[in-house]
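Student: My questions are about this predicted structure, shown below with the sequence.
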Amino acid sequence: MENIMQMVKEAASYIKSRIDFKPEIAVILGSGLGPLAGKVNNQIIIKYSEIPHFKTSTVAGHAGELIAGTISGRRVLVMNGRFHYYEGHPMETVTLPVRVFAMLGIRDILVTNAAGGIKDSLRPGSIMLINDHLGFMCPSPLIGINLDEFGPRFPDMSQVYDRTLLKLAHRVADDNGITVDEGVYCYFRGPQYETPAEIRAVRMLGADAAGMSTVPEAIVARHCGMRILGISLITNKAAGLGNTELSHAEVNETAHRAEHNMVMLVQNIISEWK
Ligand code: HPA
């Protein structure tokens with residue numbers, strides 16, 4: 001585990017050598033949400049292939065670039081494309097960027113994703129603010145020797161998603177006439193989409209949306225003591241709840257159609273972030 005710390009340090013010091021300011025907020029962009037990256041001003045683009053220990057993204061719709069700059073005057077570091085467990089990366093690789101952000105002194109993180117809607121009110125194009133997650137299908141990224149520099153062996157998870165940021169996101173949405181929902185995100189490892197039986201099962205357990213990311217990063221961010229805001233863009237009805245088969249093309253298409261609202265919401269949230 002010593003070598004995770006080494007990897008984090010090497011990646012962080014490389015990024016530091018490329019940017020001349022201290023970012024305040026990290027942003028992780030999910031499937032099809034890449035266009036948000038275009039809203040970063042004074043961009044410095046660092047390809048993942050240049051950063052020690054970062055993997056290249058293998059998923060269509062995930063660019064594989066870290067973008068430093070400003071959004072509405074706030075200093076941000078944006079991951080355009082993330083790493084997923086289903087790509088074959090160990091969890092420590094999936095979550096490496098989050099620890100790098102923590103080492104760079106970033107205290108706040110905005111995590112976005114595309115997800116399937118389970119709750120009836122969630123339709124393709126809906127936006128759901130994440131208020132909690134079901135992570136029992138997620139191999140813990142904290143397994144192994146604890147990295148005491150970041151956080152405790154048994155970190156509390158009773159409030160993963162920061163209440164203040166959640167409130168702020170609701171208010172910003174209201175102010176801008178953007179309808180948002182709120183709910184529980186349920187992690188599936190993927191890459192296959194869920195079966196209708198799996199969706200019925202997790203619905204009974206309290207899941208409102210299903211997806212293949214976010215939870216590993218949120219667990220590590222929480223372990224590091226970061227404040228987290230999570231936003232899901234609902235790209236489809238979850239398996240068995242709609243009348244079409246699920247496909248990545250559909251996910252990206254819907255994300256593209258809903259992009260305008262999502263970009264506006266995120267920009268405004270960042271400008272009022274406190
Ligand atoms: N399930 C899992 N991941 C997803 C989905 C889904 O229905 N839609 C977008 N990402």
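Tutor: Good, I have the coordinates.
Student: and the nearest residue to Ile46 once chain neighbours are set aside, bridged to which residues?
Tutor: What sits nearest to Ile46 in space, not counting adjacent residues and going by C-beta to C-beta, 6 or more residues apart in numbering, is Leu66, at 4.5 Å. Any C-beta I mention is one placed from the backbone N, CA and C, and that applies to glycine too. For Leu66, the beta-bridge partners under DSSP bridges are Ile46, Met79.
Student: Surely Leu66 and Ile51 touch.
Tutor: Yes. With contact defined as C-beta atoms under 8 Å, Leu66 and Ile51 form a contacting pair (6.7 Å).
Student: Those two - which one has more neighbours?
Tutor: Leu66 (26 against 20; other C-beta atoms under 10 Å).
Student: Mind pulling up the pLDDT for the residue in the stretch 101-250 of the chain that the ligand sits nearest to?
Tutor: Nearest residue of the stretch 101-250 of the chain to the ligand (C-beta to the nearest ligand atom) works out as Gly116 at 2.1 Å. Gly116 is assigned a pLDDT of 97 by the prediction.
Student: Ala60 too?
Tutor: 68.
Student: re the thing from before, excluding sequence neighbours, find me the nearest residue to the residue of the stretch 101-250 of the chain closest to the ligand.
Tutor: Nearest one to Gly116, counting by C-beta to C-beta, 6+ apart, is Ala238 at 3.5 Å.
Student: Determine the number of other residues adjacent to the one you found.
Tutor: For Ala238, using other C-beta under 10 Å, the count is 29.
Student: ditto for Thr95
Tutor: Residues near Thr95, counting by other C-beta under 10 Å: 25.
Student: Could you report the distance from the residue nearest to Ile46 to Ala197?
Tutor: Remark: distance between Leu66 and Ala197 (C-beta to C-beta, to the nearest Å) = 39 Å.
Student: What of Met204?
Tutor: Distance, Met204 to Ala197, by C-beta to C-beta: 11 Å.
Student: again, but for Glu50
Tutor: Applying C-beta to C-beta to Glu50 and Ala197 gives a distance of 44 Å.
Student: Just the residues contacting stretch 233-241, thanks.
Tutor: 30-33, 112-118, 122-128, 193-200, 209-210, 242, 244, 246, 250-252, 254-255, 258, 262 (C-beta atoms under 8 Å, 6 or more residues apart in numbering).
Student: Make a ChimeraX selection of the buried ones in the residues you listed.
Tutor: Those of these that count as buried under 16 or more other C-beta atoms under 10 Å are selected in ChimeraX with:
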select :30,31,32,33,112,113,114,115,116,117,118,122,124,125,126,127,128,193,194,198,199,209,210,246,251,252,254,255,258,262
